[in-house]
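Chemist: Need a 3D model of the following:
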Amino acid sequence: MVIIIKSATFLKDADMVGKQDPYIKFKYEDKSLQTDVKDDAGKAAEWNETFQLPNINKQVNSNGSIVFEAYDKDLMSSDLLGATDPLDFVDYCADDKVHEFDLELFEPKGAPAGRIKLSTQLVFVQPDPPLNPRCNYNCQLEIKMKEATFLKDSDMIGKQDPYL
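Modeler: The predicted model follows:
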């Protein structure tokens, strides 16, 4: 699946001096992903950044969801500007059409903080081709031992009894 984080608008600027430096962050399969920081963007930022999310079927089957969080990058830390309500994967994986979303951001206390615009599209990705183009994923290798020759007999008494 592909998610494109397009832009965000904020109701207020978190910085007292200068303009805020926003970025969007989200978690997927125990990984934290984020857009670039938009230096001095203030109350409106544009990214148009694409994220590939593999194994989406696993998320759909487990009723997974995703939350987008907006932050203001400061010199020593980042301040949370707002977060979206969880967006269920099943809502945008029903077909392979592009789905546009305009999600509301909420401050930690629940007040509106702004909006994030993004789009999603379920994209089928072929598996990587095998290293040998004459083989496919159903190929099997069968080995038949026809003959063996031993340089010495390992038994002290009698003849060795070879087996494979």
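Chemist: So for this protein, the centremost residue is which one?
Modeler: For the chain, the residue nearest the mean C-alpha position is Leu53 (3.5 Å; C-alpha atoms, centre = their mean).
Chemist: In contact with it, which residues are there?
Modeler: 1-3, 28-29, 59 (C-beta atoms under 8 Å, 6 or more residues apart in numbering). Every C-beta, even on glycine, is put in place using the N, C-alpha and C of the backbone.
Chemist: Among these, give me the pair with the biggest separation.
Modeler: Largest separation among the contacts of Leu53 by C-beta to C-beta: Val2 and Glu29, giving 15.3 Å.
Chemist: between the two, who's got more neighbours?
Modeler: Legend: neighbour count by other C-beta atoms under 10 Å for Val2 and Glu29, higher for Val2 (15 against 12).
Chemist: Show me what that one is bridged to.
Modeler: Using DSSP bridges, the bridge partners assigned to Val2 are Gln52, Gln121.
Chemist: Pick the one among the contacts of Leu53 closest to Leu105.
Modeler: For these, the nearest to Leu105 is Ile3 (16.3 Å; C-beta to C-beta).
Chemist: Please read off the pLDDT at that closest one from the model.
Modeler: The per-residue pLDDT reported for Ile3 equals 92.
Chemist: Could you report the separation of Asp79 from Tyr71?
Modeler: The gap separating Asp79 from Tyr71 is 6 Å, by C-beta to C-beta, to the nearest Å.
Chemist: Which one's more surrounded, those two?
Modeler: Taking other C-beta under 10 Å, Asp79 and Tyr71 do not tie; Tyr71 has more neighbours (22 against 13).
Chemist: In a strand, that one, correct?
Modeler: Yes - under DSSP: H, G, I helix; E, B strand; the rest coil, Tyr71 sits within a strand.
Chemist: residues in contact with it?
Modeler: 22-25, 78-81.
Chemist: so what's it bridging to?
Modeler: As for beta bridges, Tyr71 partners with Tyr23, Leu80 under DSSP bridges.
Chemist: who touches the nearest residue to Val98 once chain neighbours are set aside in this structure?
Modeler: Ranked by C-beta to C-beta, 6 or more residues apart in numbering and with sequence neighbours excluded, the top spatial neighbour of Val98 is Gln121, at 4.8 Å. Counting by C-beta under 8 Å, 6+ apart, Gln121 makes contact with 1-2, 96-99.
Chemist: now the strand or helix carrying Lys117, how far from the chain's geometric center?
Modeler: For Lys117, the host element (DSSP states H and E) is strand 112-121. Chain-centre distance of strand 112-121: 17 Å, with C-alpha atoms, centre = their mean, to the nearest Å.
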